[in-house]
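Enquirer: sequence below, structure please.
(one chain, ligands or ions: 1)
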Amino acid sequence: MKLHTSLAAAALGLALTATTALAEDCAVITVEDQFDLEADEIVALYNCLADKLAEGYGKAGDEVGANYRSWAPTSTRPAIQGAHGNRILNTFANDIAAEQYLKYQEEDFTMPVGSVLAKESITISIKKKTARPGPLLMMTKMEVGSIPETNDWLYTGVQPNGKTMKVKQSFCHDCHEAYEDSDFLAYPMEEVRLGQDQ
Ligand code: HEC
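Expert: Predicted coordinates:
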């Protein structure tokens, strides 16, 4: 009897391992450098983890984490951009932000109060040969004059498990400061911006 139980447990263990392995097969990385990933490979990795991302960000009740997928996409596909590390990025803009953000304007404007940009990220580990969900990073335009150091942008984040991330404003802003002319927005890479070929 005892033997049967442990055999059954072992079989169950195997089944579980197999399921886990299957679920993550599509997130395997075979290249030696994330910048060697082709567009279709980036899209495939994103599609592999897309459900897991949205589920995770929404899990703990964060309002943006639970809703951003219904917002406006800001690129033709997810892409890898050096500055946010070894990550595949995909940004969404809420109703208030979308019209202005999608102009990708380089100067002479300020985003409307209430604008929120939410950027999904997928972390690529060349060493571990896998891709896994990274944080959802957000910028929210607060009331005029409320945060003079950042022109009223509040930087926040949600972890892949839905919990609020501790975000040091200066860490984010020190880099976004380089984009001062475009109200501190860096925008997706040009080749994936919407409407670029029209
Ligand atoms: C080392 C530079 C750097 C740091 C640090 C950084 N960002 Fe960014 N951020 C960028 C760049 C570059 C982009 C545009 C990348 C893209 O979408 O392809 C970007 C885009 C964004 C966007 C989309 C809006 C936009 O600018 O177009 C959000 C939201 C964002 N970052 C949030 C954050 C938050 C929150 C932090 C801090 C936890 C942070 N960023 C730290 C460089 C940085």
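
Enquirer: and Lys119, what element?
Expert: strand 116-125 (DSSP states H and E).

Enquirer: and for Asn47?
Expert: Counting by DSSP H and E, the element that carries Asn47 is helix 39-58.

Enquirer: which parts of that helix are buried?
Expert: 42-43, 45-46, 48-50, 52-54, 56-58 (16 or more other CB atoms under 10 Å). For the C-beta atoms, the positions are set from N, CA and C on the backbone; glycine is no exception.

Enquirer: how about whichever helix or strand comes after it and the ligand, touching?
Expert: Proceeding C-terminally, helix 39-58 gives way to helix 63-67 as the next helix or strand, assigned by DSSP H and E. No. Contact of helix 63-67 with the ligand is not found when judged by CB under 6 Å from any ligand atom; the minimum separation is 10.2 Å.

Enquirer: and the helix or strand following helix 63-67, what's its mean pLDDT?
Expert: Per DSSP H and E, helix 63-67 leads on to strand 72-73 as the next helix or strand towards the C-terminus. For strand 72-73, mean pLDDT rounds to 98.

Enquirer: so which elements touch strand 72-73?
Expert: Where contact means 3 or more CB pairs under 8 Å, 6 or more residues apart in numbering; DSSP states H and E, strand 72-73 is packed against strand 87-93, helix 95-101.

Enquirer: just the C-alphas of the last one, formatted as PDB.
Expert: This points to helix 95-101. Extracted as PDB, the C-alpha positions of helix 95-101 are listed here (Å, rounded to 0.1, in the frame of the first residue of the first chain):
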ATOM      1  CA  ASP A  95      -8.000  57.400 -22.600                       C
ATOM      2  CA  ILE A  96      -6.600  60.700 -21.400                       C
ATOM      3  CA  ALA A  97      -3.100  60.000 -22.600                       C
ATOM      4  CA  ALA A  98      -3.600  58.200 -25.900                       C
ATOM      5  CA  GLU A  99      -4.300  61.000 -28.400                       C
ATOM      6  CA  GLN A 100      -1.300  63.100 -27.400                       C
ATOM      7  CA  TYR A 101       1.100  60.200 -26.800                       C
END
